[in-house]
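In: give me coordinates for this.
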Amino acid sequence: MDNTDPVLTIDVISPHTNESVGKLPDMKVDEVGGLIDKAHTAFLKWKETTISDRAEIVMKAIDSLEHSSEEIAHLLEQEIAKDIEAGKKEIERSVEYTKFTVSATKDLNGEVFFGDSSKGLKKGQKTGYSSRVPLGVILAITPFNYPVNLAITKIVPALMMGNSLVLKPPVQGGLASTKLFECFIKSGVPEGVLTLVTGRSSGIGDYLVTHPKISMIAFTGSTVTGHHIAEVSKGKVPLLMEMGGKDSSIVLSDADIELALDEIVKGAFTFCGQRCTATKRVFVESEIAQEFIERIVEKSKTFKVGPLISSVQKDLILAMIEDAKANGAREVLGGQAQGNIVLPTILTGVNENAKLFYEEQFGPVLPITIIQNVDQAVNWINTSRYGLQSSVFTRDIDKAFSIAEKIDTGTVQINAACGRYPDNFPFVGVRDSGIGLPQGTKDTLLAMSRQKLTVINKKV
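Out: Numbering: from 1, shown residues only. Below is the predicted model of the structure:
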């Protein structure tokens, strides 16, 4: 008789069919606790390795990731409905990010401080030099929409700075995350330096973020979840958080309309708008509003979208559309659902009474509001709870810079849709869009380490 306990699993549900396409271990608190203990033990050895040795292992892992591109892209298509080419692009981008980060780590230098600038100290009496040292065990929590890239942007800087890392991926996206994890393990990452934890967040989430051996939490996901993590962790560890956005585009009357249309349609509907940097509101000046709306409707009709991540998300999006219409908005395109697919939808006359005006929608819905002056739009952007990105379309570069200076978001794009790429740029969220230091190649390396000062004292 077999008395072994059965392995508990979670089904990964396909957005296409609402049926299981794979299973992940449903880990419990006791198992997770043991893994964190092992990660801490592994950290104590890993931090003593050289940067060049870490780089060699990380680059082997990325080479393995490149060779697994086709397989992982197909997994992304099955579990999150990302098309194959977009999946390959995510992996390509992850490889590029890794090369940037490895190079930036090698270029990090400390500083030297001389004490004789202070009164009473002689030249050479006190000399200090600073270095960067790792924090310990970093917990990385990633979302479904970019389960490879947003894991890489946490794994690589953590390991390169000498930390160990525990990765908690989403359920949908967990199959691709598992393959990514395998690429690192078979490339020589020592046991415990990189740990994969899968399970229901309701069961292990709070335990993970409050574990005493976790030295930092790097999170990408919803604002609600981010604030919950911040609350339960009680400020005991540094937080590096990228959260939601209500990224808005302002289209001025002198804009290159064709450019604005291309960028906004792509920004709103790519991957069904399930991105923190998706274009989620448009403010257009009244002089060109009618032409702009007519042309964006025509352009959006042929934009192909896949299913949303779940039937629950589909229902939320449809409810936001109905709420906007009940509050005076006019649906000029879309609004229909086919399974988990919501067709590209555009609404005009969206006002402050509608949830779609101020809440983040994670779906292919674009609200358009006509403005009489730019300050009106700037005020709405600056009083939003979110402050991730915004964009301004105009041919007048002086006007663009003037408006950009007034807008209070982490990034302002001029004549382009909102977006995180390229990854070596700082990525900043203010208000409810981010907590902690900026992200980006060098920024994340600094966030995942701390400064240590050593002082040499001489008798002079």
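In: strands of the stretch 51-200 of the chain, residue ranges please.
Out: 112-114, 126-134, 137-141, 164-168, 194-196 (DSSP state E, counting those that start in this stretch).
In: neighbouring strands of the fourth one in the sheet, and parallel or not?
Out: Translated: strand 164-168. Strand 164-168 pairs in its sheet with strand 137-141 (parallel), strand 194-196 (parallel), by DSSP bridges.
In: residue 265: which of these is closest?
Out: Proximity to residue 265, assessed across the strands paired with strand 164-168 by C-beta to C-beta, is greatest for strand 137-141 (31.4 Å). In short, each C-beta sits where N, CA and C put it, glycine included.
In: who wins for proximity to residue 309 among the strands of the stretch 51-200 of the chain?
Out: Of all those, strand 137-141 sits nearest to residue 309, with 16.6 Å by C-beta to C-beta.
In: rebuild the strands of the stretch 51-200 of the chain as a markdown table, extending it with mean neighbour count.
Out: Listed next are the strands of the stretch 51-200 of the chain as a markdown table, based on neighbours: other C-beta atoms under 10 Å:
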| stretch | mean neighbour count |
| --- | --- |
| strand 112-114 | 12 |
| strand 126-134 | 16 |
| strand 137-141 | 26 |
| strand 164-168 | 26 |
| strand 194-196 | 22 |
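In: turn those strands into JSON lines, including distance to residue 48 and mean pLDDT.
Out: Output for these, formatted as JSON lines (distance: least, C-beta to C-beta, whole Å; pLDDT from 0 to 100):
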{"stretch": "strand 112-114", "distance to residue 48": "24", "mean pLDDT": "91"}
{"stretch": "strand 126-134", "distance to residue 48": "10", "mean pLDDT": "93"}
{"stretch": "strand 137-141", "distance to residue 48": "15", "mean pLDDT": "97"}
{"stretch": "strand 164-168", "distance to residue 48": "12", "mean pLDDT": "98"}
{"stretch": "strand 194-196", "distance to residue 48": "17", "mean pLDDT": "97"}
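In: so for residue 368, which of the ones you listed sits nearest?
Out: Of all these, strand 137-141 sits nearest to residue 368, with 34.0 Å by C-beta to C-beta.
In: and stretch 235-246, how far out from the chain middle?
Out: Centroid separation for stretch 235-246 versus its chain: 10 Å, with C-alpha atoms, centre = their mean, to the nearest Å.
In: for it, buried residues please.
Out: Along stretch 235-246, these residues count as buried under the neighbour rule (16 or more other C-beta atoms under 10 Å): 237-246.
In: how about stretch 385-398?
Out: Across stretch 385-398, burial judged by 16+ other C-beta under 10 Å covers 386-394.
In: return the member of the residues you listed nearest to residue 34.
Out: The closest of the buried residues of stretch 385-398 to residue 34 turns out to be residue 388 (C-beta to C-beta; 37.0 Å).
In: residue 273 - nearest residue in space that isn't next to it in sequence?
Out: Nearest residue to residue 273 in three dimensions, chain neighbours excluded: residue 364, at 4.7 Å (C-beta to C-beta, 6 or more residues apart in numbering).
In: for the one you found, give me its contacts.
Out: Residue 364 makes contacts with 268-269, 272-273, 305, 317, 334, 342-345, as judged by C-beta atoms under 8 Å, 6 or more residues apart in numbering.
In: quick check: next helix or strand after the lowest-mean-pLDDT helix or strand in the chain?
Out: Lowest by mean pLDDT, DSSP states H and E among the helices and strands of the chain is strand 434-435, with a mean of 86. Per DSSP states H and E, the first helix or strand lying C-terminal to strand 434-435 is helix 441-447.
In: circling back to that earlier point, so how far is the least confident helix or strand of the chain from its chain's centroid?
Out: Put simply, strand 434-435 sits 11 Å off its chain's centre (C-alpha atoms, centre = their mean).
In: for the helix or strand harbouring residue 369, which strands pair with it and how are they oriented?
Out: Counting by DSSP H and E, the element that carries residue 369 is strand 365-371. According to DSSP bridges, strand 365-371 forms sheet pairs with strand 281-285 (parallel), strand 345-348 (parallel).
In: and the next helix or strand past it?
Out: As the chain continues past strand 365-371, the following element, by DSSP H and E, is helix 374-382.
In: quick one: list the elements packing against that following helix.
Out: Judged by 3 or more C-beta pairs under 8 Å, 6 or more residues apart in numbering; DSSP states H and E, helix 374-382 is in contact with strand 248-251, strand 281-285, strand 365-371, helix 397-406.
In: name the residues of that helix that come out as buried.
Out: For helix 374-382, the buried set under the neighbour-count rule, 16+ other C-beta under 10 Å, comprises 374, 377-378, 380-381.
In: in CSV: those residues, plus distance to residue 108 and pLDDT.
Out: Listed next are these as CSV, based on distance: C-beta to C-beta, whole Å; pLDDT from 0 to 100:
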residue, distance to residue 108, pLDDT
374, 41, 95
377, 40, 95
378, 38, 97
380, 40, 95
381, 35, 96
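In: now do the phi/psi pair for residue 242.
Out: Per-residue torsions, residue 242: phi -110, psi 120 (degrees, to the nearest 10).
In: so for residue 100, which of the strands of the stretch 51-200 of the chain sits nearest?
Out: Once the strands of the stretch 51-200 of the chain are compared by C-beta to C-beta, strand 126-134 is nearest, at 17.2 Å.
In: so what strands line up beside the closest one?
Out: Partner strands for strand 126-134, per DSSP bridges, with pairing direction: strand 112-114 (antiparallel), strand 449-457 (antiparallel).
In: if we can go back for a sec, so for residue 105, which of the strands of the stretch 51-200 of the chain sits nearest?
Out: Residue 105 lies closest to strand 126-134 among the strands of the stretch 51-200 of the chain, at 9.2 Å (C-beta to C-beta).
In: contact partners of the closest one?
Out: With C-beta under 8 Å, 6+ apart as the test, strand 126-134 has contacts from 43, 47, 108, 110-116, 161-163, 445-446, 448-458.
In: do the same with stretch 144-151
Out: 65, 72, 76, 80, 90-91, 93-94, 97, 140, 142-143, 167, 169-174, 176-177, 180, 220, 271, 274-275, 309.
In: which SS class is residue 332?
Out: Three-state assignment for residue 332 (DSSP: H, G, I helix; E, B strand; the rest coil): strand.
In: what is the top helix by length along the chain packed up against?
Out: Longest helix in the chain by number of residues (criterion: DSSP state H): helix 84-107. If you count contacts as 3+ C-beta pairs under 8 Å, 6+ apart, helix 84-107 packs onto helix 51-67, helix 69-80, helix 149-160, helix 441-447.
In: kindly reformat those helices as a markdown table containing mean neighbour count, distance to residue 417 and mean pLDDT.
Out: Shown next, in a markdown table, are those (neighbours: other C-beta atoms under 10 Å; distance: least, C-beta to C-beta, whole Å; pLDDT from 0 to 100):
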| stretch | mean neighbour count | distance to residue 417 | mean pLDDT |
| --- | --- | --- | --- |
| helix 51-67 | 17 | 27 | 96 |
| helix 69-80 | 21 | 21 | 97 |
| helix 149-160 | 27 | 18 | 97 |
| helix 441-447 | 21 | 22 | 89 |
